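[1] Below: sequence and its predicted model.
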Amino acid sequence: MHIVYKADNLFDAHLVKHALEDAGIPAFVFGESLLGGMGELPLFGVLRVAIPEAARPEAESIVAGLDLGPAPGDPISDTDDLAGQPA
């Protein structure tokens, strides 16, 4: 299995999964079951979309063609002025 996408949220993970499946590539979302146990604390980096290694080149081009916004950055640190705003 190859991780083709690391998602910030469940919506993006399933968007990628369905786009890959529409192209005939089996895709799996890992980490989805961990979201129910997180309580009020945010979890980062637990959602991953995986595909078989043989489908890697085609899957990477499909994911690159999706408009998912900027790549996820590091979690917000204590030095940021406002959450979600540039420092």
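    Sure thing, it's come through.
[2] Which neighbouring elements make contact with the longest helix anywhere in the chain?
    Secondary structure assigned by DSSP state H gives helix 10-22 as the longest helix of the chain. When contacts are defined as 3 or more C-beta pairs under 8 Å, 6 or more residues apart in numbering; DSSP states H and E, helix 10-22 sits against strand 2-7, strand 28-30, strand 47-51, helix 56-65. The C-beta positions use only the backbone N, C-alpha and C, and glycine is treated the same way.
[3] Which of these sits closest to Ala19?
    helix 56-65 (5.7 Å; C-beta to C-beta).
[4] The closest one - contacts with which helices or strands?
    strand 2-7, helix 10-22.
[5] Give the buried residues for the last one.
    Yep, that's helix 10-22 we're talking about. Asp12, Ala13, His14, Leu15, Val16, Lys17, Ala19, Leu20 (16 or more other C-beta atoms under 10 Å).
[6] Please name the spatially closest residue to the third one (chain neighbours excluded).
    Excluding its sequence neighbours, the residue lying closest to His14 (C-beta to C-beta, 6 or more residues apart in numbering) is Val29, at 6.6 Å.
[7] tell me the contacts of that neighbour?
    Applying C-beta atoms under 8 Å, 6 or more residues apart in numbering, one finds that Val29 lies in contact with Ala7, Leu10, Ala13, His14, Lys17, Leu47, Arg48, Val49.
[8] just Ala64 next, same as before
    Counting by C-beta under 8 Å, 6+ apart, Ala64 has no contacts.
[9] just the contacts of Val29 now: which is nearest Leu35?
    Leu10 (6.6 Å).
[10] Mind pulling up the pLDDT for the closest one?
    Listed pLDDT for Leu10 reads 86.
[11] Leu68 too?
    Residue-level confidence at Leu68 comes out at 81, pLDDT.
[12] ok, now which ones touch Leu68?
    By C-beta under 8 Å, 6+ apart, the neighbours of Leu68 are Asp12, Leu15, Val16.
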